[in-house]
Every structure is written in structure tokens, then in C-alpha cells.
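S.K.: How does the following fold in three dimensions:
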Amino acid sequence: MSTFIRLLPALIGLVIGSVLFAQGERLTQRTRELATANETIATLREANEQMDSVLKTLRQEDSALRQLLAHQNAALVELDNQNRKTADDLQHALATPPAGRPDCAREPLPAGALRLLQPAVERGANPGGKAAAAAGAGTPLPGA
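M.R.: Reported below is the predicted structural model:
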């Protein structure tokens, strides 16, 4: 037992040394993991700042585009109103003849025009059995 008592401090020292070595290695590993995590956090912060900058730019562009769209819609409404007014003016101008001109749309057709609109009684190459007249200057028109 005296040998055991003499070796006991050496054994205790060996166990404590082993525990300290293992804990040192664990501490080194945890330090490396912490450094990696800190690098990841820094990278994510940088990416977040870049995305924030892009988001601000996109919001400004969105606001500008919405203002432009509102302006274009107002211009489109104005053009539509002008187009309707022009169409109304044109329709009114076509419906009313100029001053001093007859209103042909409301006047009856002349008798000669009505006669031309009626269907022909005899159809054929030579109506009425008359010979074809020579055409030329001064030749009377048929039916005159």
C-alpha cells in the first residue's frame, strides 16, 4: 500500500493533466467555432445592409413609377376627354350643314332621282323594241 500511496499523487496529476489537456482542446475547438460563427454573422450583416440599400432604392423607384403612372393616367383621361369632345364636335358638324347651304338630308329627292331609283319595267338588251341609237355628241338621251 505504501507504493500505492506514493503513486497516488502521480496518478492524480496524470488524471488532472489529461482533463486539462482535453478541456484545452475543447476550448480551442469552441474558439474556432466561435470565430466561424462571428465570420458568418459579419457576412450576414453585410448582406443584410446590401439588401436594405437595394430595398430603399426599389422603394424610391416604386414611388417614382407610381407618380409617373398617376401623371400618365391623368394625361390619358385628358386625352380621352379631348377625343370625346372632338368626336361630339365632328358629329355635330356632320349633322348640321354650313350656313347658306341646303340641308339635303332633310329635303325630299327630286322627281327625276325618284324615277331612277324605281325598278325598270322591261329588262333586256333593247327595251321597247327600238333600235340602238348612234352615240355621239348631240345625241338625245333615252327617255328625254
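S.K.: how close does Ala120 sit to Ala111?
M.R.: 17 Å (CB to CB, to the nearest Å). For every residue, glycine as well, the C-beta is placed using N, CA and C.
S.K.: And Leu58, by the same measure?
M.R.: 78 Å.
S.K.: now Gly100
M.R.: Counting by CB to CB, the gap from Gly100 to Ala111 is 25 Å.
S.K.: neighbour count winner among these two?
M.R.: Just comparing Gly100 and Ala111: by other CB atoms under 10 Å the higher neighbour count belongs to Ala111, 8 against 5.
S.K.: Which of the three states applies to Ala99?
M.R.: For Ala99, the assignment made with DSSP: H, G, I helix; E, B strand; the rest coil gives coil.
S.K.: mind starting the numbering at 27 from now?
M.R.: All set: I'll call the first residue 27, so the last point we hit is now Ala125.
S.K.: Now it: phi and psi?
M.R.: Phi and psi for Ala125, reported as degrees, to the nearest 10, are phi -60, psi 140.
S.K.: And for Thr122?
M.R.: phi -120, psi 130.
S.K.: can you list the weak-confidence ranges in the protein?
M.R.: 148-170 (pLDDT under 70).
S.K.: right, and the helix or strand after the helix or strand hosting Asn99?
M.R.: According to DSSP states H and E, Asn99 maps onto helix 28-121. Using DSSP H and E, the helix or strand that follows helix 28-121 in sequence is helix 137-143.
S.K.: Would you mark the buried spots in that following helix?
M.R.: When neighbours are counted by 16 or more other CB atoms under 10 Å, no buried residue of helix 137-143 is found.
S.K.: Name the residues that touch it?
M.R.: Leu135 (CB atoms under 8 Å, 6 or more residues apart in numbering).
S.K.: Export only the CA atoms of it, formatted as PDB.
M.R.: In PDB, the C-alpha atoms belonging to helix 137-143 read as follows (Å, rounded to 0.1, in the frame of the first residue of the first chain):
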ATOM      1  CA  ALA A 137     -88.700  63.600-109.100                       C
ATOM      2  CA  GLY A 138     -86.100  62.600-111.600                       C
ATOM      3  CA  ALA A 139     -84.000  60.900-108.900                       C
ATOM      4  CA  LEU A 140     -87.000  59.100-107.600                       C
ATOM      5  CA  ARG A 141     -87.800  57.800-111.100                       C
ATOM      6  CA  LEU A 142     -84.200  56.500-111.400                       C
ATOM      7  CA  LEU A 143     -84.500  54.600-108.200                       C
END
